[in-house]
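K.L.:
Mind looking at a prediction? Sequence and model below.
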Amino acid sequence: PYPIKVETLHRLCGSETERMDHFRENLRKALDAVAAACAAHGESFQYRIESGVVFVDRAPSKAQQRHIIQKSTKRK
């Protein structure tokens, strides 16, 4: 995932929340829920919001890791 502005997420998701501070609060709650769901399934998901930009740090799943390893060994 690439960094994206909070305002862009607000526009793209069609939120009817008028105040950006309320939207940011709802966004944090939603991202916390995603992080909790990922943790419950043994997946890594972290995010941070800096200067109005959302950064997501997510490790590949085990299946994705296997795929990456298989792909890299085929190239050699």
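P.N.:
That came in fine, so what should we check first?
K.L.:
which stretch of helix or strand covers Thr73?
P.N.:
helix 62-75 (DSSP states H and E).
K.L.:
One more: Ser44?
P.N.:
Going by DSSP H and E, Ser44 is not part of any helix or strand.
K.L.:
wait, it sits on Cys38?
P.N.:
Yes. Ser44 is in contact with Cys38 according to CB atoms under 8 Å; the separation is 6.7 Å. Using the backbone N, CA and C atoms, a C-beta is placed for each residue, glycine as well.
K.L.:
For the two, indicate the residue with more neighbours.
P.N.:
Legend: neighbour count by other CB atoms under 10 Å for Ser44 and Cys38, higher for Cys38 (16 against 12).
K.L.:
can you tell me how far the nearest residue to that one once chain neighbours are set aside sits from His22?
P.N.:
With sequence-adjacent residues excluded and distances taken as CB to CB, 6 or more residues apart in numbering, Cys38 is closest to Phe45, at 3.8 Å. Taking CB to CB, to the nearest Å as the measure, Phe45 falls 23 Å from His22.
K.L.:
I am finished for the moment; much appreciated.
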